[in-house]
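In: A predicted structure for the sequence below; I have some questions about it.
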Amino acid sequence: MTTNDLVERLGLKLLSKSEHRAVDGVFISDMVSDVMAGAKSGNLWLTVQTHKSIVPAANLVDVSAIVITSGKTVPQETVDLASKYNIIILSAQLPTFELISKLYGSGLLNK
Amino acid sequence: MEINKIREALEANVIEGSYGLDASVEHIYASDLMSDVLAFGKPCSILLTGLASRQAVISAHMAEFKGVVFIRGKRPKDGAEKFARDNHLVLLSSDLDMFDACIRIDSAMKGVHIDLPTVKLPQKSDEILLKHEFYIEGSNFANAGMVSTEIKSILKKIGLDPKLVRRVAISTYEGEMNVVMHAKRARVRLGVTPKLIEIEINDEGKGIPDVELAMQEGFTTATEEMRAMGFGSGMGLPNIKRNSDSLNIKSEVGVGTTLKMTFLI
């Protein structure tokens, strides 16, 4: 699965100016310290945090993309910082649990 | 869905409220942000969260939830149980991470049996959480301190103890100033594992002829000009030693110096 599949098949919106990349696993947390401790390189990171501090965290653990769930508005400075570091930010209207349900049901996780 | 079915799906332990396991919930809400729980959580939900605190239980109660599942093996230690008992909430603890917990509940809701491997948190102490490389230019006083500032902001952002971050920042800054004052250039490596932070400053320069002497407080080879700027008072290396948990110096005259400092988390 690539981040592009998430856009085309699940209707997520690409907010940052970044290149699509492959997704390897999913990590869900709204606590940056948890992400630093538990997320692995290539993970898709689902969160409702929109503060720009998510970008350095995503960059440091090398997640494949940040998915902001629940249709939260992402501040422009977060998007700009993400574009600068080539971090993908995707936006989903669904809350985290419902998005995982849809993602799992789509079969994309095994691709 | 019955809470006990959720408990089974998550292989969760009951922390509190075993009498309430046969209650039913209508929604699952997965978040660590309690403001979101309060803003968007629907009544008759169960909260999945990594926030192991009484605050999570209080928020769930305010939002009319039936219970809370602490994920990634977390357990609150601040009286959350008592609050849950008094207010008839069920508290569960599961070793799964949020993603697996969501999938398991989703599958259980749809009546699908899945056999996902239980994901344990990485506990290997030597696992590298982050790695970074920076470069310092010698004699560039205009940029002096930029690398340590960057390192400090990285460590701060990952949520390390501010006192620890301060020690790392001070030591790195002293090391960086030494490079600016005495060396041609240096490479700085930052490495963080769950147990420690390591900073290595590897410079090309004139080297230190007598490391033991250089370690003495007040010993300096800085020029008057450098001292006029407030540096070079001979406190650099001793200050690093004081602030770090271990300091290793290797130096070769005419080649360069490598400082390796370690800070325990």
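Out: Looks like it came in fine. Numbers count the residues shown, from 1 in each chain, chains lettered A, B, ... in the order given.

In: buried residues of stretch B:84-91, list them for me.
Out: B:84, B:89-91 (16 or more other C-beta atoms under 10 Å in any protein chain shown). Any C-beta I mention is one placed from the backbone N, CA and C, and that applies to glycine too.

In: do the same with stretch A:12-24
Out: Result for stretch A:12-24 [16+ other C-beta under 10 Å]: buried residues A:12, A:14-16, A:18, A:20-21, A:23.

In: what does stretch B:193-203 give?
Out: So, applying 16+ other C-beta under 10 Å, buried residues of stretch B:193-203: B:193-194, B:197-203.

In: around chain A, which positions in the stretch 51-200 of chain B sit nearby?
Out: B:51, B:72, B:97-99, B:102-103, B:105-107, B:121-122, B:129-130, B:132, B:153-154, B:157-159, B:194 (C-beta under 8 Å from any C-beta of the partner chain).

In: among those residues, which ones are in helices?
Out: B:98-99, B:102-103, B:105-107, B:153-154, B:157 (DSSP state H).

In: and chain A, which residues reach chain B?
Out: A:25-34, A:36-38, A:46, A:48-49, A:53, A:56-57, A:60-61, A:70, A:95-97, A:100-101, A:104-105.

In: list buried residues within the residues you listed.
Out: A:25-32, A:34, A:36-38, A:46, A:48-49, A:53, A:56-57, A:60-61, A:70, A:95-97, A:100-101, A:104.

In: so which of those sit within helices?
Out: A:32, A:34, A:36-38, A:56-57, A:60-61, A:96-97, A:100-101, A:104.

In: ok, the residues you listed vs A:Leu81, which is closest?
Out: In terms of C-beta to C-beta, no member of these lies closer to A:Leu81 than A:Pro56, at 8.1 Å.

In: now do stretch B:73-92: distance from first to last residue.
Out: End-to-end distance for stretch B:73-92, by C-alpha to C-alpha, to the nearest Å: 10 Å.

In: so how far is A:Asn110 from the nearest residue to B:Asp245 once chain neighbours are set aside?
Out: By the measure of C-beta to C-beta, 6 or more residues apart in numbering or on different chains, the closest residue to B:Asp245 outside its immediate chain neighbours is B:Leu264, 4.8 Å from it. With distances taken as C-beta to C-beta, to the nearest Å, B:Leu264 is found 41 Å from A:Asn110.

In: which one of the two has more residues nearby?
Out: B:Leu264 (10 against 7; other C-beta atoms under 10 Å in any protein chain shown).

In: contacting residues for the residue most central in space within chain A?
Out: Nearest to the mean C-alpha position of chain A, by C-alpha atoms, centre = their mean, lies A:Ile66 at 2.1 Å. Applying C-beta atoms under 8 Å, 6 or more residues apart in numbering or on different chains to A:Ile66 gives the contacts A:45, A:47, A:54-55, A:58, A:82, A:87-90.

In: the same query, at a cut-off of 7 Å, please.
Out: Contacts for A:Ile66 (C-beta atoms under 7 Å, 6 or more residues apart in numbering or on different chains) come out as A:45, A:47, A:54, A:58, A:87-89.

In: what do you get for B:Asn202?
Out: B:186-187, B:258.

In: and what of B:Cys102?
Out: B:Cys102 neighbours (C-beta under 7 Å, 6+ apart): A:28, A:97, A:100, B:30.

In: the last one: neighbour count?
Out: Spelled out, that is B:Ala30. Residues near B:Ala30, counting by other C-beta under 10 Å, number 30.

In: who's it bridged to?
Out: Using DSSP bridges, the beta-bridge partners of B:Ala30 come out as B:Leu48.

In: could you list the low-pLDDT ranges of chain B?
Out: B:112-126, B:225, B:227-233 (pLDDT under 70).

In: please enumerate the strands of it.
Out: B:13-16, B:27-30, B:45-49, B:67-70, B:90-93, B:130-137, B:183-192, B:196-205, B:246-252, B:256-264 (DSSP state E).

In: and if you look at chain A?
Out: With DSSP E as the criterion, chain A has strands spanning A:13-14, A:26-28, A:44-47, A:65-68, A:89-91.

In: what sits against residue 36?
Out: Defaulting to chain A. So A:Met36 contacts A:57, A:60-61, B:129, B:158-159 (C-beta under 7 Å, 6+ apart).

In: not quite, go with chain B.
Out: A:48, A:70.

In: now do B:Glu176
Out: B:136, B:144-145, B:147-148.

In: okay but A:Ile68 is in contact with A:Val74, surely?
Out: Yes: A:Ile68 is in contact with A:Val74 according to C-beta atoms under 7 Å; the separation is 5.4 Å.

In: neighbour-wise, which of these two wins?
Out: Legend: neighbour count by other C-beta under 10 Å for A:Ile68 and A:Val74, higher for A:Ile68 (24 against 21).

In: tell me the pLDDT of that one.
Out: pLDDT recorded at A:Ile68 is 97.

In: equivalent analysis for the one 3 residues further on, please.
Out: pLDDT, the model's per-residue confidence, is 94 for A:Gly71.

In: now do A:His51
Out: 84.

In: from A:Ala58, how far out is it?
Out: 12 Å.

In: which of the two has more neighbours?
Out: Set side by side, A:His51 and A:Ala58 show more neighbours around A:Ala58, with 25 against 11, by other C-beta under 10 Å.

In: please tell me how far that one sits from A:Ala65.
Out: Distance, A:Ala58 to A:Ala65, using C-beta to C-beta: 8 Å.

In: also B:Gly254?
Out: 48 Å.
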